[in-house]
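S.K.: Model the structure of this input:
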Amino acid sequence: MPDMTFQRQYAGFVVGKRRIVYVNGFPRGAGDPARDGTTAARNFDWHSEPVVVCDGGPGFFGVEYDPEKKTFTHFEFNGPP
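M.R.: Numbers count the residues shown, from 1 in each chain. Next up is the predicted model:
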């Protein structure tokens, strides 16, 4: 994979009594509006809406972080490009 810079989104949830932080990672610019001015699928603001991509390749990933245990689990890539 080429050298990439990533942007991240965070969401919190609770499993049982454990607090978990979900990290949604994606290549810089992937959550930006389309540059051609279209209002297609990329007409949203990644700062307030989740970036959801199917088969985006290894640049798109998710991972869960447990702040109490200080561990990362369920690291998943988003399928083949």
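
S.K.: Do a quick rundown of the helices in this protein.
M.R.: Here the chain has no helices by DSSP state H.

S.K.: Let's check: the centremost residue of it is which one?
M.R.: The chain has Asn24 as the residue nearest its centroid, 2.2 Å off, counting by CA atoms, centre = their mean.

S.K.: and that residue, what does it touch?
M.R.: When contacts are counted by CB atoms under 8 Å, 6 or more residues apart in numbering, Asn24 is found next to 8-11, 50-51, 62. All C-beta atoms are positioned from the backbone trio N, CA, C, and that covers glycine.

S.K.: Just the buried ones among those, please.
M.R.: 9, 51, 62 (16 or more other CB atoms under 10 Å).

S.K.: gap between the second one and Gly59?
M.R.: Spelled out, it's Val51. 11 Å (CB to CB, to the nearest Å).
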